[in-house]
Every structure is written in C-alpha cells, then in structure tokens.
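Student: Return a 3D structure for these sequence lines:
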Amino acid sequence: MSDSKPILLWLRRDLRLSDHPAWTAALDAGVPVIPVFIHDDTVADLGAAPKWRLGLGLEKLAETLEGRGSRLILRQGDALEVLRDLIGQTGAGAVHWSRLYDPDAIARDKAVKSALKEDGIDAQSHAGHLMFEPWTVETKDGGYYKVYTPMWRAVKDRSVASPLKTPEDLRPPEDWPDSDALADWRMGAAMNRGAEVCLPHQTIGEAAAQDRLAWFIDGPIEDYDSARDKPAVDGTSGLSENLALGEISPAQCWHAGQRKLHEGASGAEAWIKELVWREFAYHLIYHTPQIATRNWREKWDEFPWNEDGNTPEVMAWKQGRTGIKFVDAAMREMYVTGRMHNRARMIVASYLTKHLMTHWRVGQAWFDDHLTDWDIASNAMGWQWAAGCGPDASPYFRIFNPETQLDKFDKQGNYVRAWIVEGQKEPSETALSYFDAIPRSWDLSPEDDYLGPVVGLSEGRRRALDAYQDRSF
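Tutor: Numbers count the residues shown, from 1 in each chain. Next up is the predicted model:
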C-alpha cells in the first residue's frame with residue numbers, strides 16, 4: 001500500500017471514536033481514512049425498533065464526524081460489492097473493521113476478507129466489541145465454557161487493555177466519494193407512531209453514553225447489587241443500547257467498574273459480572289452458533305411447545321394484557337421505552353415459555369422487533385436460559401411466580417403504577433403513553449377494563465411441570 005492510498009474504515013456495531021482499535025490502526029497508518037457504513041442484508045433484516053435505533057446512532061455519529069472535519073459515507077447493497085466500488089472510486093489500499101461474532105456476520109466477513117485479499121487489498125479485522133475474544137477463553141480441557149460461573153472465574157482477574165484515546169486528527173481525504181442520504185434509508189419506517197413515544201427514552205451516541213456511564217459510576221453503582229432487581233428504581237447503568245451499537249466499549253465500562261471496586265463500592269463487582277454475562281453470550285454464540293435459532297440442548301427439540309404466535313393467549317402476552325401485572329407492566333414498558341428491565345425480562349420470558357407453554361422463538365422474535373437495545377447474542381441466550389433449554393446450570397423446571405416476584409421487588413407497586421393505566425384514577429404519563437405507542441389495529445383504550453389472567457399461575461405451573469415429567473432432560 002502506497003503512502004497516499006486511503007483506508008476504508010467499515011463501521012458496523014462500533015459507532016464511536018474512543019477506544020476503537022480499528023479506527024486507531026487505520027489512523028496510525030498515516031494515510032487518509034474514509035469511514036463507511038453499509039446497509040446490507042444484516043441491516044435490512046433488523047426488526048423495527050433496533051433498525052430505528054441504529055439509524056439514530058448513525059445520525060449522531062455523522063454529526064460528530066462533520067464537527068471534526070470528517071464524514072460518514074453511507075452506501076446500500078452487498079458489502080463486498082460496495083467496498084469494491086468504493087475502492088475503485090477512492091483508490092483505497094486497505095479496509096479495516098471491528099469483528100463481530102454471530103454466524104451470519106462471521107460468514108460475511110470471512111468472504112469479504114478473502115475476496116479483498118485476492119484483489120490485492122489489505123483487509124484487517126480488529127477486536128473492540130468484546131473484552132475477551134471467544135477463542136482466547138478456554139476450559140482446562142481446551143474447550144469452551146457452557147456455564148457462566150466458571151467462565152467468570154477464568155476471566156475476572158485477566159488484564160483488559162486500557163481504553164484507547166479519542167483521536168485528535170481524523171485524517172479526512174481531500175476528495176470524498178458520494179454518499180447515500182440517511183433519510184432515504186427510512187430506518188424508522190416500521191416504527192410508525194411508536195418512534196415519537198420511544199425517542200425521549202433513548203440515550204443516543206458516544207457523548208451521551210459516556211455521560212450516562214459517569215452518572216452511574218458516581219452514584220448508583222454503590223447500590224447496584226440490590227437496586228438492579230427493582231424495576232421501578234433507576235439503579236442500572238442503562239448502557240445496553242449503547243453497548244449493542246458500540247457507542248461505548250465494554251473495556252471502558254470494565255475499567256470504570258474496576259476503579260469503583262478498588263475504591264470499595266459494594267455494587268461494583270456485581271456490575272462487572274453483568275459485563276461478563278454479555279461476554280458469555282458472545283462466547284456461546286461463537287462456539288455454538290445454533291443458539292441463535294435452535295434449542296441449545298437438542299433433547300428439547302421434541303418438547304410440545306406451542307409455536308403459534310397468534311393464539312389469544314400469546315396475543316395477550318404481546319399486548320401486555322395477560323392479567324398478570326408484572327408481565328403486563330414489563331411489556332408496556334418495552335413499547336414506550338424500547339427497553340425492559342432485566343428482572344422483568346426473566347419474568348415475561350418465563351411466563352411465555354412455561355405458563356403459556358409457548359416456544360422461546362416466538363418471544364425471541366417479538367423482542368427482536370421491539371427492543372432498541374437488541375443484541376443478537378444476549379437475546380438468544382436470555383430466552384433459552386429462561387425457557388430451560390439453554391446453557392448454564394439453572395434447572396429447567398424453575399418457574400418464576402410473577403406475583404411473588406412483584407411482591408419482592410416492587411412491594412410498593414411503583415412499577416405497576418408506572419405502566420398499567422387500568423384501575424388508576426390518575427394514571428401516569430408513562431402508562432398512558434403505551435396507548436400512543438402500540439398499533440392502532442389493536443384497538444385498545446385507557447378506558448378498557450383490566451382482564452383476569454389468560455392462564456392462571458397455578459394452572460400454568462402445573463401444566464408445565466406435567467410436561468416436564470413426561471420428558472427426560
């Protein structure tokens with residue numbers, strides 16, 4: 001590569017400038033760097049909420065780059081074809097990108113790297129989306145980890161490289177290639193009226209993510225170990241959407257958490273463990289890619305789950321009208337904010353897969369469409385963990401009781417009041433917003449009655465346990 005040939009920086013889920021190994025390596029080459037985002041099939045196939053949130057992240061990054069004298073080039077089409085076209089237009093001699101770990105991304109990136117190298121182009125992939133590359137974390141026997149706790153023990157004392165600084169000079173080229181207009185991609189089209197409701201609840205871009213991290217580290221992390229399970233309390237970092245899009249790096253979070261741990265913050269280790277849960281999800285999807293689409297434990301393939309996502313019971317679940325308050329509040333929270341508290345996610349997933357005996361893939365697909373913090377590895381592992389057919393050591397026959405869980409973690413009823421209108425004389429604005437966010441075709445109104453349970457807790461539990469006893473897991 002000659003000294004004058006620019007480098008294409010292919011951005012995907014790494015929408016930041018700081019602690020960005022691929023960006024740093026490109027800049028260190030001393031040639032112009034052209035940031036590129038490609039709307040390929042992996043983007044086209046995203047659900048409504050994650051695609052909309054990705055568009056917001058791209059918009060914010062483009063604004064940031066414009067303010068720094070650079071640009072974000074947007075192109076649509078097959079990734080290899082787009083990169084080859086840009087190489088032809090710009091004379092670029094190299095392409096750099098950050099690695100991803102799901103099976104579709106791996107297949108695409110391997111094909112792109114091989115083809116570019118055959119073309120004589122320097123194609124380099126870099127770390128950055130994870131702290132521990134999946135192939136570097138092994139059991140004593142040289143295998144991968146199937147249970148979280150041993151993996152945590154294996155990595156908790158590992159050194160994580162200090163975050164890279166934000167570059168001062170972005171080395172823009174003298175001539176820029178043409179770019180699509182982001183508005184023409186209509187990233188939020190499928191959100192319809194829900195976009196306006198969800199927007200105020202998003203933390204968009206690198207600067208906002210860093211501010212949120214600073215807020216969390218300066219206060220809530222102290223009580224995180226207990227507050228994280230209380231859905232009505234703002235006691236978590238709230239950085240899931242930013243980690244999903246790479247608007248902040250896991251290493252930045254890790255080091256911030258480690259500083260607080262060494263200062264004696266009681267909740268710091270619990271938060272750091274959650275960062276490693278994310279690593280565990282990617283460890284699994286890399287080593288067992290079937291976790292994204294099939295039962296991780298093959299013995300569950302014959303389990304008699306309902307696979308119809310349109311039964312009255314499943315539709316009640318989707319609409320947040322099951323008659324089980326913890327479940328309904330959680331589903332409504334998702335429609336208004338694009339996110340759902342982690343404790344609530346476990347409850348709604350358990351209720352669907354166990355009380356309603358419905359396949360986890362139905363719930364996974366629904367979350368794929370409605371979460372602005374959607375993450376392919378975390379969503380797949382979370383649903384299979386809750387259903388009992390996935391990894392880790394939790395017993396498959398564990399069935400959460402939403403009522404006792406609500407009494408334990410929302411004893412004052414604040415979470416329910418925040419999200420359920422029915423039965424309140426003066427409902428909250430967030431509860432009312434649910435009716436503005438949902439599809440009009442559901443024909444729901446704040447004046448509707450709150451219905452009784454579509455499946456009673458005792459009935460559903462008994463049915464699930466009977467089904468488990470008929471199988472040998």
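Student: wait, what's in contact with the residue positioned nearest the centre of the chain?
Tutor: Central residue of the chain (Cα atoms, centre = their mean): Asp375, 2.7 Å from the mean position. Residues near Asp375 by Cβ atoms under 8 Å, 6 or more residues apart in numbering: 240, 243-244, 278, 281. From N, CA and C alone the C-beta is placed, and that goes for glycine too.
Student: do the same with Ala227
Tutor: So Ala227 contacts 220, 233, 235-236, 267 (Cβ under 8 Å, 6+ apart).
Student: Now the host helix or strand of Ala123: average pLDDT?
Tutor: According to DSSP states H and E, Ala123 maps onto strand 122-126. Averaged across strand 122-126, the pLDDT comes to 98.
Student: all helices for the stretch 351-473 of the chain, in order.
Tutor: Taking DSSP state H, counting those that start in this stretch as the test, the helices found in the stretch 351-473 of the chain are 360-370, 376-387, 402-409, 414-419, 429-437, 457-469.
Student: List the buried residues in the longest one.
Tutor: Translated: helix 457-469. For helix 457-469, the neighbour count (16 or more other Cβ atoms under 10 Å) marks 457, 460-461, 463-464, 468 as buried.
Student: Can you tell me which of those residues is nearest His370?
Tutor: Closest to His370 out of those is Gly460 (23.1 Å), distances taken as Cβ to Cβ.
Student: Enumerate every residue touching that closest one.
Tutor: Gly460 touches 351, 354-357, counting by Cβ under 8 Å, 6+ apart.
Student: Neighbours of the residue lying closest to Glu313 once chain neighbours are set aside, how many?
Tutor: Spatial nearest neighbour of Glu313, chain neighbours left out: Val454 (4.8 Å); criterion: Cβ to Cβ, 6 or more residues apart in numbering. Neighbourhood size, Val454 [other Cβ atoms under 10 Å]: 20.
Student: and the nearest residue to Gly55 once chain neighbours are set aside, how many neighbours?
Tutor: Spatial nearest neighbour of Gly55, chain neighbours left out: Met187 (2.8 Å); criterion: Cβ to Cβ, 6+ apart. The tally of other residues near Met187 (other Cβ under 10 Å) stands at 24.
Student: Am I right that Met187 is in contact with Gly57?
Tutor: No. Counting by Cβ atoms under 8 Å, Met187 does not reach Gly57; the two are 9.7 Å apart.
Student: Can you give me the end-to-end span of stretch 387-404?
Tutor: One end of stretch 387-404 sits 19 Å from the other (Cα to Cα, to the nearest Å).
Student: Buried ones in that stretch, by neighbour count?
Tutor: Going by neighbour count (16+ other Cβ under 10 Å), the buried part of stretch 387-404 is 387-392, 396, 399-402.
Student: Then stretch 29-39?
Tutor: 29, 31-39.
Student: counting contacts, what elements does the top strand by length along the chain pack onto?
Tutor: Longest strand of the chain, by residue count under DSSP state E: strand 33-39. Secondary-structure packing of strand 33-39 (3 or more Cβ pairs under 8 Å, 6 or more residues apart in numbering; DSSP states H and E): strand 7-11, helix 21-28, strand 73-76, helix 79-90.
Student: quick one, domains of the protein?
Tutor: Here the domain assignment for the chain is 7-127, 130-161+199-287, 298-469, based on automatic domain parsing.
Student: The longest one: end-to-end distance?
Tutor: I take that to be domain 298-469. So domain 298-469: terminal residues 17 Å apart, Cα to Cα.
Student: list the contacts for the residue nearest to Gly55?
Tutor: Counting by Cβ under 8 Å, 6+ apart, Met187 makes contact with 51-52, 54-56, 58.
Student: switch to 6 Å and redo it
Tutor: Contacts for Met187 (Cβ atoms under 6 Å, 6 or more residues apart in numbering) come out as 51-52, 55.
Student: and it, backbone torsions?
Tutor: phi -60, psi -30 (degrees, to the nearest 10).
Student: Keep only those of the contacts of Met187 that are in helices.
Tutor: Secondary structure assignment by DSSP state H places 51-52, 55 of the contacts of Met187 in helices.
Student: rewinding a little: could you list every helix and strand that the strand holding Ala123 packs against?
Tutor: If contacts are counted by 3 or more Cβ pairs under 6 Å, 6 or more residues apart in numbering; DSSP states H and E, strand 122-126 sits against strand 94-98, helix 103-118.
Student: Pipe the domains of the chain into a markdown table and attach distance to Pro177 per row.
Tutor: Formatted as a markdown table, the domains of the chain follow (distance: least, Cβ to Cβ, whole Å):
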| stretch | distance to Pro177 |
| --- | --- |
| domain 7-127 | 5 |
| domain 130-161+199-287 | 23 |
| domain 298-469 | 30 |
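Student: which one of those domains lies closest to Arg171?
Tutor: Here domain 7-127 is closest among the domains of the chain (Cβ to Cβ), at 4.9 Å.
Student: What is the end-to-end distance of the closest one?
Tutor: From start residue to end residue, domain 7-127 stretches across 18 Å - Cα to Cα.
Student: what's the spacing between that domain and its chain's center?
Tutor: The chain centre lies 19 Å from the centre of domain 7-127; the measure is Cα atoms, centre = their mean, to the nearest Å.
Student: in the stretch 51-200 of the chain, which ranges drop under the pLDDT threshold?
Tutor: Of all residues in the stretch 51-200 of the chain, none has pLDDT under 70.
Student: scratch that, the stretch 301-450 of the chain is what I was asking about
Tutor: Checking the stretch 301-450 of the chain against pLDDT under 70 turns up 393-395.
Student: which among the contacts of Met187 gets closest to Asp328?
Tutor: Nearest to Asp328 among the contacts of Met187, with distances taken as Cβ to Cβ, is Trp52, at 23.8 Å.
Student: Hmm, the closest one is touching Ala190, no?
Tutor: No. Using Cβ atoms under 6 Å, Trp52 is not in contact with Ala190, being 7.4 Å away.
Student: Just want the phi and psi numbers for Thr372.
Tutor: Dihedral pair for Thr372: phi -80, psi -20, per degrees, to the nearest 10.
Student: Distance-wise, check it relative to Ser240.
Tutor: Taking Cβ to Cβ, to the nearest Å as the measure, Thr372 falls 9 Å from Ser240.
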